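Compute the structure for the input listed below.
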Amino acid sequence: MNTLVIGGGGFVGQYLIAELTAGGHRVHATRLPGEQIREDCTLHELDILQPEAVSALLEQLKPDWVFHLAAQSSVALSWKRPQLTADVNIKGTLNVLEAVRQLEHQPRVLLIGSGEEYGPVSCCPVGEDAPLHPGNVYAATKACQGMLGEIYAKAYRMEILCVRAFNHVGPGQAPVFVVSDFCRQTAAIELGQQDPVIRIGNLSAKRDFTDVRDVVRAYVLLAEKGVAGRVYNVGSGRAVEIRGILDQILAQSEAAISAETDPAKLRPVDVPVVEADIRRLQADTGWQPRIPLEQTIQDTLAYWRRELAK
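Below you'll find the predicted structure:
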């Protein structure tokens, strides 16, 4: 299987490349200049905001599967740089869809959206048919991406599947995301690189966390077994309070650590509870999460201890 991962230099991309390679795929991956990809694949530098370059690469590779991961994926950064977020997540996706549409051989395409698209919900878990009420700039751009994918799938009979991925976590994730942030701060405190105070945001929010290694398994199963034109939630199906995450991290450390609210970590708008209904994903692919959150936290903390000790 000839497979292209667009945005392979990111956190999820490297895990997806490893999963595909282990499954015997010939993997091509795009990256931005300066990005490092440690996994075994054929690398291509690509800026998805350059439509001619996107079209040229797809015409050259003629992939059977395309995973579109390239995105500005930080909610916090989307408030600070809304134009960049819209450019990458909307214009970039349009460039990919147009390039795919021009191919004689149509690949299966996974567009990776976000559980943030649902916004405040009246009941949980939230299913794919629930109305979208994005509450931040990032979520709005991802909702638009998904709508474009559904339009292209119907109008041009393209093999497009849209994913709404809920919070995925694991070793190597950037510390702008909460679990990685708390683990990095804890490791820094243990090594004497930070005062024994973890700076926190809103601890009462509840989120649906899934290990990134389970997430990429779901993506591959969807490419193989998912129904074109459908939207799929990918998550654990269980919301966990951020306060509980912090407690688990501190329980795995022998350092005496206190917590202090940092106004910079508070969002202008925050959704109280986000939890995925994953029955459609399970029915169509048989996927189940395998890695418990406790193991994810342990692995992420170990990653930051190694990195900061260098």
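
Surely Leu221 is within a helix?
Yes. Assessed with DSSP: H, G, I helix; E, B strand; the rest coil, Leu221 lies in a helix.

element containing the nearest residue in space to Glu117 that is not next to it in sequence, please.
In space, and not counting its chain neighbours, Glu117 is closest to Ala143: 4.4 Å by CB to CB, 6 or more residues apart in numbering. Where C-beta positions appear, they are placed from N, C-alpha and C, glycine not excepted. Using DSSP states H and E, Ala143 maps to helix 137-156.

Next, the buried residues of that helix.
137-146, 148-150, 152-153 (16 or more other CB atoms under 10 Å).

Just after that helix, pick out the following helix or strand.
Taking DSSP H and E, what comes next after helix 137-156 is strand 160-165.

who does that following strand touch, helix- and strand-wise?
strand 108-114, helix 137-156, helix 212-225, strand 231-234 (3 or more CB pairs under 8 Å, 6 or more residues apart in numbering; DSSP states H and E).

Once you drop chain neighbours, what's closest to Ser114?
Lys142 (4.5 Å).

What is the burial count for Thr285?
Neighbourhood size, Thr285 [other CB atoms under 10 Å]: 20.

Was I right to think it contacts Leu221?
Yes. Between Thr285 and Leu221 there is a contact under CB atoms under 8 Å: 3.9 Å.

which regions of the stretch 151-300 of the chain sit below the pLDDT cut-off?
The stretch 151-300 of the chain contains residues with pLDDT under 70 at 267-271.

In this structure Gln248 contacts Pro292, no?
No. Applying CB under 8 Å as the test, Gln248 and Pro292 come out as separate, 10.6 Å apart.

What strands flank the helix or strand harbouring Leu4, and is each parallel or antiparallel?
Assigned by DSSP H and E, Leu4 belongs to strand 2-6. Looking at strand 2-6 with DSSP bridges, its partner strands are strand 26-31 (parallel), strand 65-68 (parallel).

Just say which of those is most tucked in.
strand 65-68 (a mean of 25; mean count of other CB atoms under 10 Å).

So what touches stretch 235-254?
Contact with stretch 235-254 is made by 115, 124-125, 165-167, 178-179, 182-183, 186, 189-190, 198, 200-210, 214, 257, 259, 273-278, 289, 293-294, 297-298, 301, as judged by CB atoms under 8 Å, 6 or more residues apart in numbering.

returning to what we had before: I'd say the residue nearest to Glu117 and Leu132 touch.
Yes. With contact defined as CB under 8 Å, Ala143 reaches Leu132; the gap is 4.9 Å.

what do the two both touch?
Contacts common to Ala143 and Leu132, judged by CB under 8 Å, 6+ apart, are Glu117.

for the protein, what spans make up the strands?
In the chain, the strands defined using DSSP state E lie at 2-6, 26-31, 42-45, 65-68, 108-114, 160-165, 168-169, 197-200, 206-208, 210-211, 231-234, 239-241, 258-261.

Does the residue nearest to Ser114 touch Gly113 like I think?
Yes. Using CB under 8 Å, Lys142 is in contact with Gly113, at 4.4 Å.

joint contacts of those two?
Joint contacts of Lys142 and Gly113 (CB under 8 Å, 6+ apart) are Arg164.

Could I get the contacting residues of Ala218?
Residues in contact with Ala218 (CB under 8 Å, 6+ apart) are Val234, Leu281, Thr285, Trp287.

ok, back up a step: got the strands of the chain as JSON lines, with distance to Val75 columns?
Shown next, in JSON lines, are the strands of the chain (distance: least, CB to CB, whole Å):
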{"stretch": "strand 2-6", "distance to Val75": "21"}
{"stretch": "strand 26-31", "distance to Val75": "23"}
{"stretch": "strand 42-45", "distance to Val75": "27"}
{"stretch": "strand 65-68", "distance to Val75": "19"}
{"stretch": "strand 108-114", "distance to Val75": "9"}
{"stretch": "strand 160-165", "distance to Val75": "13"}
{"stretch": "strand 168-169", "distance to Val75": "14"}
{"stretch": "strand 197-200", "distance to Val75": "16"}
{"stretch": "strand 206-208", "distance to Val75": "11"}
{"stretch": "strand 210-211", "distance to Val75": "17"}
{"stretch": "strand 231-234", "distance to Val75": "17"}
{"stretch": "strand 239-241", "distance to Val75": "17"}
{"stretch": "strand 258-261", "distance to Val75": "18"}
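
Nearest to Trp79, out of these?
Smallest distance to Trp79 across the strands of the chain (CB to CB): 15.0 Å, for strand 108-114.

Give me the contact list for that closest one.
Under CB under 8 Å, 6+ apart, the answer for strand 108-114 is 12, 64-69, 71, 73, 93, 96-97, 100, 138-139, 142-143, 145-146, 149, 158-166, 219, 222-223, 226, 228, 231.
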